[in-house]
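S.K.: pasted the sequence and its predicted model underneath.
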Amino acid sequence: MEIFLLLILAYLLGSIPSGVWIGKIFFKKDIRQFGSGNTGTTNTFRVLGKKAGTTVLAMDILKGTLATSLPYFFGISNINPLVFGVVAVLGHTFPIFASFKGGKAVATSAGMILAYNPTFFVYSALIFVILLYITSMVSLTSMISAVLITLSTLVLPFTIPFILPKIDWLLTSIAIALTIFIFMRHRENIKRIKNGTENRVSFGLKAEKKS
């Protein structure tokens with residue numbers, strides 16, 4: 001019963017619609033009615049600005065971190081913490097507090113990794129930042145990063161065991177599932193990338209030029 005209740009708590013943590021609440025409380029805007037209509041970090045940056053975007057990014061990462069840490073907080077050792085993280089990711093993507101229409105799972109997934117293996121989180125964050133600098137597109141960066149991070153779960157134990165000392169098949173399985181999920185959530189972005197109309201950020205080699 002305790003595990004069941006904590007899984008519900010993990011879902012509720014993930015369901016906190018950071019972008020929606022920040023927009024409504026501080027800017028009197030529902031970001032779902034602007035830009036891409038997405039509730040995540042990227043649309044928040046575009047619609048509400050850097051401070052709001054950074055706050056939402058931190059909150060979305062924190063949701064995954066707190067949810068994944070629940071077994072540590074309550075002394076539960078018979079279930080892998082990643083299970084709680086995945087439930088939080090589902091909550092973020094299908095939030096009960098926002099009509100089950102949420103973000104694209106990237107930031108909350110990062111928070112899950114942060115709680116589970118901080119070193120691997122730093123490694124993954126570096127991959128993301130480097131790719132974002134090269135592409136200047138959050139969507140493309142998110143998808144490529146997901147693939148590379150998944151492959152890394154299989155390669156790092158044999159190359160840089162300091163980061164991942166051994167193959168963690170649950171981590172790899174979740175990474176594969178999240179990669180597929182992230183690609184599915186970026187279907188419209190993929191179309192825009194192919195058409196050359198995908199939005200770019202003001203960072204990196206191909207940064208969006210401000211008029």
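M.R.: Sure, I can see it.
S.K.: assign a three-state SS to residue 10, would you?
M.R.: Each residue gets one of three states, and residue 10 gets helix by DSSP: H, G, I helix; E, B strand; the rest coil.
S.K.: tell me how many other residues crowd it.
M.R.: Neighbours of residue 10 under the rule other C-beta atoms under 10 Å: 29. Every residue, glycine included, has its C-beta placed from N, CA and C.
S.K.: now it: how far from residue 3?
M.R.: Noted for residue 10: a distance of 10 Å to residue 3, by C-beta to C-beta, to the nearest Å.
S.K.: do residue 60 as well
M.R.: Computed as C-beta to C-beta, the residue 60 to residue 3 distance reads 24 Å.
S.K.: and the two? Which one has more around it.
M.R.: In this comparison of residue 60 against residue 3, neighbours counted by other C-beta under 10 Å, the higher total goes to residue 60 at 30 against 15.
S.K.: enumerate every residue touching the more buried one.
M.R.: Contacts of residue 60 were listed using C-beta atoms under 8 Å, 6 or more residues apart in numbering, and they are 18, 40, 41, 92, 103, 107, 108, 111.
S.K.: so which of those is the most crowded?
M.R.: Of the contacts of residue 60, residue 108 is surrounded by the most neighbours, 33 neighbours in total, counting by other C-beta under 10 Å.
S.K.: looks like that residue contacts residue 89 (just checking).
M.R.: Yes: taking contact to mean C-beta atoms under 8 Å, the distance of 5.0 Å between residue 108 and residue 89 places them in contact.
S.K.: correct me, but residue 18 touches residue 54?
M.R.: No: between residue 18 and residue 54 there is no contact under C-beta under 8 Å: 11.2 Å.
S.K.: give me the neighbour count for residue 167.
M.R.: In terms of burial, residue 167 registers 13 neighbours under the definition other C-beta under 10 Å.
S.K.: quick one, what contacts it?
M.R.: Taking C-beta under 8 Å, 6+ apart, we find residue 167 in contact with 153, 154, 157.
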